[in-house]
Each structure stands twice: as structure tokens, then as C-alpha cells.
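Engineer: One predicted model, sequence on top.
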Amino acid sequence: MKIRTLGNGLEVSALGLGCMSMTSAYGPAADKATMIKLIRSAHEQGVTLFDTAEAYGPFANEDLLGEALQPIREKVVIATKFGFDIDLITGARGGGTNSRPEHIRAVAEASLKRLRTDCIDLFYQHRVDPQVPIEDVAGAVKDLIAEGKIKHFGLSEAGVQTIRRAHAVQPVTAVQSEYSLFWRGPEQELLGTLEELGIGFVPFSPLGAGFLTGQIDQNT
């Protein structure tokens, strides 16, 4: 497996494993034991980057990944995300975003426990919060990095000006965005900006959320 370097030194496998659908998303949750075996098998094949989020479940996906990767924690990179309005006790969804600094900190603490680790390798803002200046978001993550709870800061589906503003406060290691032959929007502005700033690009849905698999038609 080839190795890629994201941003200021985060080394990951060229292929990562997105775990969202393992605990429901495009269908019912898969068998837990089978998914743990799949995750560990991916690592045996050279995958070191594993992607999850508090919103997946919510919480169940981080729990799954934490259990699966615990025996090999020092050999992998875990990426998770904050930014949705989710009650950290009940899991009830508020229906919007929440990147207030105090909420970011609370999400980080909860994610650390579910992931069975003392440090999150890559912490993405899942979606930009229009109610919270991105400088405040970056500042909150910067504090968590200083405390050793987070190693790297990432953004997901952010515009180029938002990326620049965040990067000026806390260097952004990676930006995640949908990208495939089905959707090539990042080619317009995003990729050039990331190259200029030295930020890694992590594309998701490389098969167009299934549309490029040849298995979806008008009857699907």
C-alpha cells in the first residue's frame, strides 16, 4: 500500500476505509462481529486510515471502530468528526449544526472514550456552522491540540475562503469533500487552493455513492 502525507506530516495509506455504513446509513446496521473482522482485515491489507464520526449512529460507529482498532491502535490513524447538533447524552438530533467551542470540547471528550484512545489523530468539522465564526472553531481545536487530545485539524465540505480563514488560526491538515467521476466540483477551486496552502485532500464517495458501481438503475 502506498503512503500519502496529508498537510504538515500526517502519514496515511493511499486508500482509507470509511466506516459510516457499517452501523446503518444506506441500510440496516451490519453484523458487528463481521464488521470488526472487516476493519482488521483492511489493516492487514495495508489500510491505516479509518474514518468515522459521532453523527454516524449517532455514536455507534465510533464505538465499533474503537473496539475493532483497540488491539492495533498505535498502527492506525483514526479520523472522526464534530459539528452537528446532537445531544451527547441521549443522541437526539437537533436538526442543525453546532460548532460552539464548548460543544467541540465536549464532543472530543466523548469521542475519545468511545474510540478507546487518549488522542484523536484527525478531527474534522463535519459541516461548517454558519452561526459560529470559523476562527472560533479553529481556535477551539487549536486548544485541544495544545492539550494533546487532538493531533490534526480537518474540515469537511468547506469553501475555499472558510479554509483560508481557518488555516490562518490553526493549520488545516486535511479537507474532505465528495469527489469522483460522478462529481468533480472540487476541481473548480478547491484542489488548487489546497495545493497552494499545503493541505491534504481526502475525497469521499469515490464511486458516486454507488452510482458508478453499475448496480443502480431506475428500479433500484
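Structural biologist: Cool, got the structure.
Engineer: show me where this protein has helices.
Structural biologist: Here the chain has its helices, by DSSP state H, at 32-44, 60-69, 101-114, 134-146, 160-169, 190-197.
Engineer: For the last one, what is the distance to the chain centroid?
Structural biologist: For helix 190-197, the distance from its own C-alpha centre to the chain's C-alpha centre is 19 Å (C-alpha atoms, centre = their mean, to the nearest Å).
Engineer: Who's the closest spatial neighbour of residue 179, skipping the chain neighbours?
Structural biologist: In this structure, residue 179 finds its nearest non-sequential neighbour in residue 203, 3.6 Å apart by C-beta to C-beta, 6 or more residues apart in numbering. C-beta here means a position set from N, CA and C on the backbone, and glycine is covered the same way.
Engineer: And the helices of the chain: which comes nearest residue 12?
Structural biologist: helix 32-44 (12.3 Å; C-beta to C-beta).
Engineer: for that closest one, which positions count as buried?
Structural biologist: 35, 36, 39, 42, 43 (16 or more other C-beta atoms under 10 Å).
Engineer: So which of those is the closest to residue 108?
Structural biologist: Residue 108 lies nearest to residue 39 out of the buried residues of helix 32-44, by C-beta to C-beta, at 22.1 Å.
Engineer: Just confirm the closest one contacts residue 65, I think it does.
Structural biologist: Yes: with contacts counted by C-beta atoms under 8 Å, residue 39 reaches residue 65, the gap being 6.9 Å.
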